[in-house]
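Undergrad: Here is my input, please return the structure:
(one chain, ligands or ions: 2)
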Amino acid sequence: MANLLITGGAGYIGSHACFTLLQQDHTLVVVDDFSNGSVDALRAVATLAGLQSEPRQGLVGGSNRCWRWRAPTSRRTRLSLIEGDIRRAQDLQIAFEVLDEEPIAAVLHFAGLKAVAESVAKPLDYWDVNVSGSRQLFDVMAENHCRTVVFSSSATVYGMAESVPIHESQPVRPINPYGQTKAAVEQMLQDLAASAGPNEPGWRIACLRYFNPVGAHESGAIGEDPDGIPSNLLPLICQVASGQLERLEVYGSDWPTTDGTGVRDYIHVMDLAEGHCAALQTLLAEPPQMLTLNLGSGQGHSVLEMVKAFERINGVPVPYALCQRRAGDSAVSVADPRGAQGRLGWSTRRDLATICRDAWRWQQQNPLGYSN
Ligand code: NAD
Ligand code: WQD
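TA: Numbers count the residues shown, from 1 in each chain. Ligands and ions are numbered 1, 2, ... in the order given. Next up is the predicted model:
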């Protein structure tokens with residue numbers, strides 16, 4: 001049981017991680033600026049975890065909005081949500097102080113911008129939020145004597161990988177600004193890990209390189225809520241299946257794969273959340289170190305396999321058209337997952353059928369996302 005700061009906890013992956021961490025009896029302080037997350041996501045998390053809203057709501061630090069939840073039988077706050085920006089030291093300091101004297105043991109750092117195409121159009125926004133925001137966070141952590149962090153990195157740091165499955169030892173060669181910012185934060189963390197000395201306590205760091213996170217909590221109460229038309233495959237399949245979009249455009253049917261469509265390593269978001277718990281547990285139990293690990297299933301599925309599986313499992317048609325390749329795509333991206341298995345004792349448990357079922361349940365229960 002630890003007190004944890006979760007940046008970006010009102011977003012897709014962060015909200016699922018919050019639920020899993022609450023199940024493990026941790027106490028959470030979430031900081032999110034709601035640029036792509038919502039209070040409703042954490043309201044749903046709190047309800048799923050059996051917490052109730054506290055009467056003590058309102059402002060903290062003078063001007064930051066704050067929401068709190070606790071167990072019905074206890075007076076102790078288990079989940080606090082603070083509206084704040086990771087680029088503002090003041091907002092982060094408020095989060096470190098909100099638990100009244102009780103220190104934060106570790107940070108799970110999900111906050112950031114994540115759209116590859118947008119990063120090409122607005123690179124400075126990505127360097128600002130992802131890199132400057134992370135730098136600010138690590139600075140405030142050190143000031144508060146908190147040196148344990150789990151960072152959301154991405155398989156995108158490999159760029160066009162040399163071979164598949166992709167092992168962590170493959171070179172980091174991102175091919176877009178989003179990937180560059182993830183690689184830059186990994187480098188910053190490597191430098192911090194190397195900064196330990198006789199008078200400098202060591203950092204405990206996990207850089208987790210996610211492959212393709214998909215699906216939703218099995219209840220259908222939390223899930224991915226893209227802003228506008230999604231760009232990722234599973235949310236698109238869901239919106240086509242529900243009739244919100246006419247058809248799926250399959251980007252390329254001439255890739256060197258079994259059916260000509262792109263192959264990816266899709267990982268259920270709850271498996272991913274559990275991977276974070278395992279990383280945190282390992283960091284807290286072991287001496288200071290830096291872990292850099294893939295989080296993936298090790299299984300590849302083509303676009304057409306995903307479409308067919310979704311149709312079969314959910315009994316709904318997903319009309320599609322074979323189209324041109326999308327710029328920047330690669331044929332195959334699949335994790336070598338053995339590093340996380342060995343170091344964390346973690347591997348994925350949920351199969352493709354579960355992914356398709358859970359994604360569709362979330363879509364059906366929340367056709368308009370959290371604004372529903
Ligand atoms: P998301 O957009 O749903 O969640 C990110 C959260 O961070 C949002 O709630 C957003 O409001 C918040 N945020 C953004 N800028 C902020 C700021 N300046 N201050 C405070 N909060 C801020 O994204 P996600 O899919 O949950 O991704 C979480 C992390 O995982 C991101 O760092 C992303 O780059 C990384 N990642 C995601 C994927 C993926 O496919 N979803 C894959 C690999 C890595
Ligand atoms: C999956 C497959 C497409 C849309 C991206 C980011 C990566 C990471 C995860 C954050 C590919 C095909 C897609 C469509 C299609 N995010 N596709 N028609 O590109 O593997 O990874 O999200 O870190 O950085 O790049 O995921 O879901 O966009 O695509 O045929 O309309 O589906 O070509 O083969 P991708 P995706």
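
Undergrad: Going by C-alpha atoms from here, please, whenever you check contacts or count neighbours.
TA: Noted.

Undergrad: Kindly report the residues of the stretch 201-350 of the chain close to ligand 1.
TA: Contact residues of the stretch 201-350 of the chain with respect to ligand 1, defined by C-alpha under 6 Å from any ligand atom, are listed as Tyr210, Asn212, Pro213.

Undergrad: cutoff 5 Å now
TA: The stretch 201-350 of the chain has residues Tyr210 near ligand 1, with proximity defined as C-alpha under 5 Å from any ligand atom.

Undergrad: in the stretch 201-350 of the chain, which spans are helices?
TA: Taking DSSP state H, counting those that start in this stretch to define them, one finds helices in the stretch 201-350 of the chain at 233-241, 269-285, 303-314, 338-344.

Undergrad: Check the stretch 1-150 of the chain too.
TA: 12-23, 39-48, 89-97, 116-121, 123-126, 133-143.

Undergrad: show me the contacts for Pro256.
TA: For Pro256, the residues meeting the contact criterion (C-alpha atoms under 8 Å, 6 or more residues apart in numbering) are Ala331.

Undergrad: Over to the one 5 residues further on?
TA: Under the criterion of C-alpha under 8 Å, 6+ apart, the contact list for Thr261 reads Val250, Tyr251, Gly252, Ser253, Asp254, Trp255, Ser302, Val303, Leu304, Ala331.

Undergrad: one more time with 10 Å
TA: With contacts taken as C-alpha atoms under 10 Å, 6 or more residues apart in numbering, Thr261 has the following neighbours: 250-255, 301-305, 322, 325, 331-332.

Undergrad: give me the low-pLDDT residue ranges for this structure?
TA: For the chain, the stretches flagged by pLDDT under 70 are 372.

Undergrad: need the residues of it near ligand 2, please.
TA: Within the chain, the positions adjacent to ligand 2 are Ser154, Thr156, Asn212, Asn232, Leu233, Glu249, Val250, Tyr251, Gly262 by C-alpha under 5 Å from any ligand atom.

Undergrad: Weed out the non-buried ones from those.
TA: Neighbour-count burial within these applies to Ser154, Thr156, Asn212, Leu233, Glu249, Val250, Tyr251, Gly262; the criterion is 16 or more other C-alpha atoms under 10 Å.

Undergrad: ok, and the closest non-adjacent residue to the first one?
TA: Pointing back at Ser154 there. Among residues not flanking Ser154 along the chain, Arg209 sits closest, at 4.1 Å (C-alpha to C-alpha, 6 or more residues apart in numbering).

Undergrad: Quick check: the gap between the one you found and Gly339.
TA: Arg209 sits 11 Å away from Gly339, going by C-alpha to C-alpha, to the nearest Å.

Undergrad: circling back: beta partners of the residue nearest to Ser154?
TA: Ser153, Asn294 (DSSP bridges).

Undergrad: That one: what's it in contact with?
TA: Taking C-alpha under 10 Å, 6+ apart, one finds 151-158, 168, 182, 292-296, 335 in contact with Arg209.

Undergrad: Quick check on the residues you listed: which are buried?
TA: Listed as buried from the contacts of Arg209 are 151-158, 168, 182, 292-296, 335; burial here means 16+ other C-alpha under 10 Å.

Undergrad: Quick check: Arg70 touching Gln57?
TA: No. In terms of C-alpha atoms under 10 Å, Arg70 does not count as a neighbour of Gln57; the distance is 11.9 Å.

Undergrad: For these two, list the residues in contact with both.
TA: In terms of C-alpha under 10 Å, 6+ apart, Arg70 and Gln57 are both contacted by the residues Ser80.

Undergrad: More neighbours: the two, which one.
TA: For Arg70 and Gln57, the more surrounded residue by other C-alpha atoms under 10 Å is Arg70, and the numbers stand at 20 against 14.

Undergrad: Identify the residue spatially nearest to the more buried one, adjacent ones excluded.
TA: Once chain neighbours are set aside, the closest to Arg70 by C-alpha to C-alpha, 6+ apart is Thr77, at 4.6 Å.

Undergrad: same question, Arg68
TA: Arg68 sits nearest to Ser80 (C-alpha to C-alpha, 6+ apart), 4.4 Å away.

Undergrad: Of the contacts of Thr261, just the buried ones, ChimeraX syntax please.
TA: The buried subset of the contacts of Thr261, as determined by 16+ other C-alpha under 10 Å, is captured in ChimeraX by this line:
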select :250,251,252,253,254,255,301,302,303,304,305,325,331,332
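
Undergrad: was I right about Leu81 contacting Arg68?
TA: Yes. Because the distance of 6.4 Å satisfies C-alpha under 10 Å, Leu81 is recorded as touching Arg68.
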